[in-house]
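J.: give me the fold of what follows.
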Amino acid sequence: GPTFERIAIAVKRIRYEMFMTMSQAYMELYQRQCLDEDLLDAMNEYMEKANDCLKNTYEYCLNKAYYCIAKNHDSKSANEYINICKQMNVNQNWMYSLAFLKAYDNCSIGSVVSSYKKAFSVPYNIQDLIVFTEAALAAEPSRNGLKLALGILYGNVGDDKLSSDCINDYLAGIHDAGKAREILVKKGLLK
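T.: This next block holds a predicted model:
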């Protein structure tokens, strides 16, 4: 009857929380150095168990987007998960993922900069983003937009030297560096 159904739902929620807690623990271990892909596999395994309990929650979709990039370098799938997060309107943390994906996909300077500026209005551990972005760039050095992202992130934490170095590295890898430099000066990212 209805009592059994309520108990079954409660058990599913408890199992979901348990699996997501384990998944989050593996994600945090991975984030320390972003090197051990076995940690990503364990993270994903627990995420999928959680998803079997409660389908496509905000946390699941947000973490799945992270996994898509970290493990498979798949920005198309990551963007699909972030779009689900946007529609849920649970919180605004997805804005950081969206900004990262715009840089990862080498979108226009204006698009990347404005996405990060919007994201900065939401509290977040920027240091974790820097570690992840550095690791993503090390894994895929051709993702030049990530250098711009790092310049923006380092600027946000007050490291003007690293910010400038990353932005100059970004400029060295694009076709019309002069025009790009003008845009970055207008946006307040370069002097």
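J.: and the pLDDT at the closest residue to Asn63 other than its chain neighbours?
T.: Among residues not flanking Asn63 along the chain, Met47 sits closest, at 5.9 Å (C-beta to C-beta, 6 or more residues apart in numbering). No exception for glycine: its C-beta is placed from N, CA and C like everyone else's. On pLDDT, Met47 comes in at 98.
J.: with Ala177 instead?
T.: Ala177 is assigned 91 on the pLDDT scale.
J.: swap in the one 3 residues further on?
T.: At Ala180 the predicted local confidence, pLDDT, stands at 94.
J.: just the element for it, please.
T.: Secondary structure assignment for Ala180, by DSSP states H and E: helix 177-186.
J.: give me the below-cutoff pLDDT ranges for this protein.
T.: Across the chain, nothing is flagged by pLDDT under 70.
J.: got the buried residues for the lengthiest helix in the chain?
T.: Longest helix in the chain, counting residues (DSSP state H): helix 2-33. Across helix 2-33, burial judged by 16 or more other C-beta atoms under 10 Å covers Tyr16, Phe19, Met20, Met22, Ser23, Gln24, Tyr26, Met27, Tyr30, Gln31.
J.: give the other helices and strands that it contacts.
T.: Contacts defined by 3 or more C-beta pairs under 8 Å, 6 or more residues apart in numbering; DSSP states H and E place helix 2-33 against helix 37-53, helix 58-72, helix 126-139.
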